[in-house]
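> give me a 3D structure for the following:
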Amino acid sequence: MRLEPFNRLESRTLVLPQANIDTDQIIPARFLTTTDRAGLGQCAFYDWRYTADDQPKNATPFPVVGAGDRQVLVAGANFGCGSSREHAPWALLDYGFRVVISTQIADIFKSNALKNGLLPVEIDAHTHALLLANPGIRVGIDLEDCTVVLDDGSRASFSVEPFARRCLLDGVDPLGHILAHESRIAAFEAAAA
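Below is the predicted model of the structure:
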């Protein structure tokens, strides 16, 4: 599948300082009735954004119509814990987020995010505390150098599994990467036959 290539992003942040934000909070289970990614952004953090009778809550950090200029979500530790639902990164992407930053991101969520074009970034506690204390700060995310640059020029490094990083830079999922080499695979199979 083709994804939007990710090289560098400059954006303001949206901050959710809570730890242990699970996938049911990211997208409640009642919205898992589709395998179509389009439109899932309206369900992202639904119970945080809307009342039981589907009215927007006033006291929420979320813009009503998507992330807008806040494409970087800064969250507390253990973000994305809980079930392995792939709908969680789909909802975040459709809402408009491209990056999630935390000190710790759940492994299964991290894997699902990387396969779908959402960059999970784990950074040091000091930089994370600065981001939490300054909601809306502008940051630069450079996947080529694996750095987060704050508006004061300070930097924090992060790591991404090399194959997932290559896929994000190229704008493909793992299957798309393999299919891009289809002619070489066919040549190898023909030579081996």
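
> shaky segments in this structure?
1-2, 64-65, 176-177 (pLDDT under 70).

> tell me where the longest strand sits in it.
Of all the elements of type strand in the chain, the one with the most residues (DSSP state E) is strand 8-16.

> can you give me the buried ones in that one?
For strand 8-16, burial by neighbour count (16 or more other CB atoms under 10 Å) applies to 11-16. For the C-beta atoms, the positions are set from N, CA and C on the backbone; glycine is no exception.

> partners of that strand in the sheet?
Next to strand 8-16 in the sheet, as set by DSSP bridges, lie strand 72-75 (parallel), strand 138-142 (antiparallel).

> residue contacts, the spatially most central residue of the chain?
Nearest to the mean C-alpha position of the chain, counting by CA atoms, centre = their mean, stands L118 at 3.3 Å. Residues near L118 by CB atoms under 8 Å, 6 or more residues apart in numbering: 89, 92-93, 97-100.

> name the SS class of the nearest residue to Y95 once chain neighbours are set aside, please.
Nearest residue to Y95, sequence neighbours excluded (CB to CB, 6 or more residues apart in numbering): G41, at 3.6 Å. Here G41 is helix, with the state taken from DSSP: H, G, I helix; E, B strand; the rest coil.

> before we move on, back to that, and the buried residues of strand 8-16 as JSON lines, adding distance to E182?
Output for the buried residues of strand 8-16, formatted as JSON lines (distance: CB to CB, whole Å):
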{"residue": "S11", "distance to E182": "35"}
{"residue": "R12", "distance to E182": "40"}
{"residue": "T13", "distance to E182": "39"}
{"residue": "L14", "distance to E182": "39"}
{"residue": "V15", "distance to E182": "43"}
{"residue": "L16", "distance to E182": "41"}
